[in-house]
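>>> attaching a predicted model along with its sequence, questions to come.
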Amino acid sequence: MEIKVQATGLNFRDVLNVLDLYPGDPGPLGGECAGEVVAVGSGVTHVKPGDQVLALAPASFASYAMTLGDFVVTRPDHVSSAEAATLPICFLTCWYAMRDLGQLKKGERILIHAASGGVGLAAIQLAKQVGAEIFATAGSDRKREYLKSLGIKHVMDSRSTDFAAQIMAATGGQGIDMVLNSLTGETIGASLSTMRPGGRFLELGKTDLWDQAKVDAFRPGIKFFAIALDHMMAAEPKTIRRLFADLMPQFSARKLEPLPLRTYSIRKTVDALRHMARAEHIGKVVIESASTDAITDRLTLRDDATYLVTGGLGGLGLKLAQWLAEHGARHLVLTGRSAPTEEAQTQLNALQNSGVRVAVRRCDIGRRDDLATMLASIADELPPLRGVFHLAGVLDDGVLREQTRERFDRVFAAKAVGAWSLHELTRDLPIDHFVLFSSAAALLGSPGQGNYAAANALLDGLAHERRSQQLPALSVNWGSWADVGMAARLKETQGSRWAEAGIGWIDPDKGLRTLEELMLTEDAQAGVLPMNWPQFFARIPQGAEPRWLSELAAAARQASDKGDSGPPALRVKLEEVTPGERLDTATNHLRRQAAQVLAMDENALPDARRPLNELGFDSLTGVEFCNRVSRAIGHSLNPTLLFEYPTLESLAGYVVRDLLEMECDAGTAAATVTEAEQAEATQAEALDQVEGMTDDEMDALVLEQLQRLQTGGAADAETSSVANRSV
């Protein structure tokens with residue numbers, strides 16, 4: 001029969017499987033599940049399509065699982081799918097071991113090792129049902145305290161063999177009747193030493209196995225049983241069906257209960273495996289399928305709480321406010337430094353007409369006193385604050401040499417200072433959500449946005465700091481939002497450049513769906529940005545990318561190399577034209593490449609004789625430009641050449657004549673070279689002049705230049721060179 005999987009129980013066998021430590025062939029991941037029957041074979045009559053069931057099902061880490069009808073039973077109505085996934089392996093194993101094989105009786109004593117795990121807790125339920133006296137071990141104080149909370153009197157440490165002496169002392173030297181073992185090493189001998197004649201040793205482990213002969217040699221009179229449910233499934237499927245028939249009425253009558261569990265989305269399966277490998281779990285770990293995620297993993301906000309959105313009157317803030325309302329929020333506070341625009345007010349009115357109370361607060365989020373006053377008004381006038389969404393921010397772009405303390409402070413105030421003040425002023429409130437809208441600039445860098453990248457990096461660090469204090473926090477490094485947000489206003493001027501760099505735009509609806517997924521995880525930080533990585537890394541010299549992106553960069557460049565396996569476009573074109581046309585052809589190609597890098601209008605190409613720094617080139621755009629030209633000519637172009645050939649025309653002459661060693665019009669090429677040589681000669685002459693000046697003459701020249709700059713005047717080329725060099 002076929003089952004649409006809703007939840008899968010995770011077992012230590014799966015951990016051994018992924019670690020490649022399982023003795024023999026472990027088979028595919030997954031051994032038990034709960035879900036809905038979608039198809040049955042002709043021999044299956046006890047369930048039908050549409051029934052909710054639980055099952056032993058190999059390969060159940062999947063959307064659909066196939067298994068024998070003997071291994072499937074109907075799920076009790078009061079048991080959820082996640083709870084049902086805790087039942088098959090643990091309870092079938094314990095029922096078969098303790099009731100069928102060991103025949104545990106009232107008044108007997110049983111030692112249950114690793115008793116806080118799934119099998120251990122199932123065994124405790126069955127032992128209590130029989131009326132046996134329980135001795136239990138666990139590997140940590142937390143787990144032992146949990147076992148004591150269940151009313152177990154004899155709880156001991158499983159990480160040493162001291163339990164043996166403790167058992168003999170507690171029983172007056174009589175010992176115990178049954179051991180349910182999953183431990184290895186000297187623990188086995190220590191456990192056997194506590195058993196009295198006629199005892200039953202039930203082995204559940206897969207490694208370091210004993211057998212009856214070894215047990216007889218060590219402790220005569222003890223019966224040894226090795227329990228392997230997987231072998232029984234293959235050899236005795238009817239026995240499995242009988243065990244289910246014995247067991248399930250106990251759950252329907254609520255004489256037995258599902259195990260305590262921790263659920264993970266299937267997207268977090270690796271986290272679940274790590275959690276189990278570290279032996280941190282109590283009870284069962286359950287993986288819920290993607291189909292279940294769609295039903296249960298939906299963010300629900302409280303209708304008796306207030307949610308604050310800083311920067312809430314902008315396009316993205318208003319979009320988020322509508323999204324919060326759709327998820328149950330009924331009290332919103334939106335802040336901004338200015339009153340809402342007419343368009344914003346229309347959206348606010350629509351929200352209020354839908355039953356949402358919207359309070360607009362004029363507040364400079366970078367001023368702590370303003371923020372404290374605003375938060376006090378929420379406490380006085382509205383339901384308790386349970387969520388903070390920090391979107392406020394400003395841009396003041398400029399390369400680092402143009403930045404000032406004032407420009408940094410302006411950007412930091414709204415973004416970083418505001419976030420820190422929100423953290424401190426709400427730290428003692430019962431906040432459920434503290435969401436920081438950070439930027440991809442803090443992850444990848446962004447030309448001209450050193451202040452903005454640094455401010456957002458503080459948000460990322462704050463999220464991790466709050467998590468270390470057991471406070472809620474999520475920082476999302478967003479890429480550029482389409483149609484809303486600060487970046488959207490730059491789309492017309494910067495959009496083509498970003499597209500050339502492989503950076504896409506986030507659709508607002510898709511972005512907010514991603515935000516919902518992130519808020520349902522335990523992540524402190526996540527980056528969300530549509531990227532064409534081969535295009536992005538083509539702009540960055542190999543090895544200059546952030547270390548955490550090195551593997552991705554290598555893969556992207558490899559893919560790019562495969563895609564760029566054709567002949568170099570400019571070189572091919574130069575070979576097709578006459579020598580007299582080559583320089584103009586190369587110059588025009590370089591002008592088009594420069595226009596694309598600088599996001600200029602292609603109908604107004606840059607002046608080929610104007611210095612590159614005057615065109616707007618900086619270090620990053622210079623690297624991107626050289627990478628483009630390198631691919632076009634099939635030769636590596638070092639970005640430092642832009643200093644030696646400071647115009648597009650002189651660079652074109654170098655590419656054609658020196659790098660590609662092609663013949664071109666001698667007069668034009670000579671003129672181009674002469675221009676570069678003349679520039680170098682002028683610079684050398686200027687340096688000679690500076691070296692011959694007195695201190696007073698140099699000071700006078702600097703003052704003259706500063707006065708010209710302040711009045712908007714321009715010195716001639718030679719004087720400018722001298723002044724710049726002397727400064």
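Cool, the structure landed.
>>> only the buried residues of stretch 66-73, if you could.
For stretch 66-73, a neighbour-count test (16 or more other C-beta atoms under 10 Å) marks Thr67, Leu68, Gly69, Asp70, Phe71, Val72, Val73 as buried. To be clear about C-beta, it is placed using only N, CA and C from the backbone, and glycine gets the same treatment.
>>> I'd like those residues as a markdown table, with secondary structure, distance to Asp432 and pLDDT appended.
Formatted as a markdown table, these follow (DSSP: H, G, I helix; E, B strand; the rest coil; distance: C-beta to C-beta, whole Å; pLDDT from 0 to 100):
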| residue | secondary structure | distance to Asp432 | pLDDT |
| --- | --- | --- | --- |
| Thr67 | coil | 40 | 96 |
| Leu68 | coil | 45 | 96 |
| Gly69 | helix | 45 | 95 |
| Asp70 | helix | 46 | 95 |
| Phe71 | helix | 41 | 97 |
| Val72 | strand | 40 | 97 |
| Val73 | strand | 39 | 97 |
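>>> need those residues in a markdown table with distance to Val476, can you?
Shown next, in a markdown table, are the buried residues of stretch 66-73 (distance: C-beta to C-beta, whole Å):
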| residue | distance to Val476 |
| --- | --- |
| Thr67 | 41 |
| Leu68 | 46 |
| Gly69 | 47 |
| Asp70 | 48 |
| Phe71 | 43 |
| Val72 | 42 |
| Val73 | 44 |
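>>> out of these, who's nearest Asp397?
Using C-beta to C-beta, Thr67 is the member of the buried residues of stretch 66-73 that lies nearest Asp397, at 60.1 Å.
>>> got any ranges where the stretch 251-400 of the chain has weak pLDDT?
290-297, 399 (pLDDT under 70).
>>> all helices for it, in order.
269-277, 290-296, 315-326, 342-353, 368-381 (DSSP state H, counting those that start in this stretch).
>>> export the longest one to PDB, keeping only CA atoms.
Spelled out, that is helix 368-381. Provided in PDB are the C-alpha atoms of helix 368-381 (Å, rounded to 0.1, in the frame of the first residue of the first chain):
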ATOM      1  CA  ARG A 368      16.400  57.300  22.100                       C
ATOM      2  CA  ASP A 369      14.200  59.800  24.000                       C
ATOM      3  CA  ASP A 370      11.700  60.000  21.200                       C
ATOM      4  CA  LEU A 371      11.600  56.200  21.000                       C
ATOM      5  CA  ALA A 372      11.200  55.800  24.800                       C
ATOM      6  CA  THR A 373       8.300  58.300  24.700                       C
ATOM      7  CA  MET A 374       6.600  56.400  21.800                       C
ATOM      8  CA  LEU A 375       7.000  53.000  23.600                       C
ATOM      9  CA  ALA A 376       5.500  54.500  26.800                       C
ATOM     10  CA  SER A 377       2.500  55.700  24.800                       C
ATOM     11  CA  ILE A 378       2.000  52.100  23.500                       C
ATOM     12  CA  ALA A 379       2.100  50.800  27.000                       C
ATOM     13  CA  ASP A 380      -0.500  53.400  28.100                       C
ATOM     14  CA  GLU A 381      -2.900  53.300  25.200                       C
END
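>>> buried set for it?
Arg368, Asp370, Leu371, Met374, Leu375, Ile378.
>>> check contacts around the second one.
Residues counted as contacts of Asp370 (C-beta atoms under 8 Å, 6 or more residues apart in numbering) are Cys363, Asp364.
>>> tell me how far it lies from Val411.
Distance of Asp370 to Val411, given as C-beta to C-beta, to the nearest Å: 18 Å.
>>> against Pro249, how distant is the residue nearest the centre of the chain?
Central residue of the chain (C-alpha atoms, centre = their mean): Ala526, 4.5 Å from the mean position. Distance, Ala526 to Pro249, by C-beta to C-beta: 46 Å.
>>> over to Asn451?
Distance from Asn451 to Pro249, by C-beta to C-beta: 69 Å.
>>> these two - which one has more neighbours?
Under the neighbour definition other C-beta atoms under 10 Å, Asn451 and Pro249 were set side by side, and Asn451 has more, 25 against 11.
>>> check which helix or strand covers the more buried one.
Using DSSP states H and E, Asn451 falls within helix 450-468.
>>> in that helix, what counts as buried?
Applying 16+ other C-beta under 10 Å to helix 450-468 flags 450-463, 466-467 as buried.
>>> same deal with stretch 441-449?
Ala441, Ala442, Leu443, Leu444, Ser446, Pro447, Gly448, Gln449.
>>> and stretch 137-154, by the same measure?
Buried, per 16+ other C-beta under 10 Å, within stretch 137-154: Thr137, Ala138, Gly139, Lys143, Arg144, Tyr146, Leu147, Ile152, His154.
>>> can you tell me which of these are in strands?
Thr137, Ala138, His154 (DSSP state E).
>>> between those, which sits nearest Glu236?
Thr137 (30.6 Å).
>>> spit out the contact partners of the closest one.
Leu111, Ile112, His113, Ala114, Ala115, Val155, Met156, Asp157, Ser158, Phe163, Leu183.
>>> SS state for the last one?
In this case it means Leu183. Assigned with DSSP: H, G, I helix; E, B strand; the rest coil, Leu183 falls in the coil class.
>>> how close does it sit to Val358?
Taking C-beta to C-beta, one finds Leu183 at 60 Å from Val358.
>>> now do the fifth one
Plainly put, Ala115 is 53 Å away from Val358 if you go by C-beta to C-beta.
>>> which one's more surrounded, the two?
Ala115 (28 against 20).
>>> ok, the more buried one touching Leu147?
Yes - between Ala115 and Leu147 there is a contact under C-beta atoms under 8 Å: 5.7 Å.
>>> okay, and the common contacts of those two?
What both Ala115 and Leu147 touch, as defined by C-beta under 8 Å, 6+ apart, is the set Ile124, Ala136, Ala138, Val155.
>>> contact partners for the third one?
In other words, Ala138. Here Ala138 is in contact with Ala114, Ala115, Ser116, Gly120, Arg144, Tyr146, Leu147, Val155, Asp157, Ser158 (C-beta under 8 Å, 6+ apart).
>>> what does the domain assignment say about this structure?
For the chain, the structural domains run 2-87+251-295, 89-226, 306-531, 569-688, 693-727, going by automatic domain parsing.
>>> any idea which element the nearest residue to Glu649 once chain neighbours are set aside lies in?
Leaving aside its chain neighbours, Glu649 sits nearest to Ala608 (4.2 Å; criterion: C-beta to C-beta, 6 or more residues apart in numbering). Counting by DSSP H and E, no helix or strand carries Ala608.
>>> what's the burial count for Ala608?
Neighbour number of Ala608 under other C-beta under 10 Å is 19.
>>> same deal with Val270?
Neighbour number of Val270 under other C-beta under 10 Å is 10.
>>> thinking again about what came up before, nearest to Leu641, of the buried residues of stretch 137-154?
Using C-beta to C-beta, the buried residues of stretch 137-154 come closest to Leu641 at Gly139, 64.3 Å.
>>> how far away from the center of its chain is stretch 392-399?
26 Å (C-alpha atoms, centre = their mean, to the nearest Å).
>>> repeat for stretch 96-108
Relative to the mean C-alpha coordinate of its chain, stretch 96-108 is positioned 47 Å out (C-alpha atoms, centre = their mean).
>>> among the buried residues of stretch 441-449, which has the minimum pLDDT value?
Within these, Pro447 has the lowest pLDDT, namely 69.
>>> Leu518: which element?
Assigned by DSSP H and E, Leu518 belongs to helix 508-519.
>>> now that helix and helix 315-326, what's the angle there?
60 degrees (axes from the mean of the first three to the mean of the last three C-alpha atoms, to 10 degrees).
>>> low-confidence stretches in the stretch 551-700 of the chain?
Those would be 558-567, 599, 601-603, 618-620, 663-700, if you go by pLDDT under 70 across the stretch 551-700 of the chain.
>>> tell me which stretches of it form helices.
569-576, 579-597, 612-615, 619-633, 641-644, 648-653, 666-692, 695-710.
>>> packing partners of the fifth one?
Looking back up the chat, that one is helix 641-644. helix 619-633 (3 or more C-beta pairs under 8 Å, 6 or more residues apart in numbering; DSSP states H and E).
>>> what helices or strands is the helix it packs on leaning on?
helix 533-538, helix 569-576, helix 579-597, helix 641-644.
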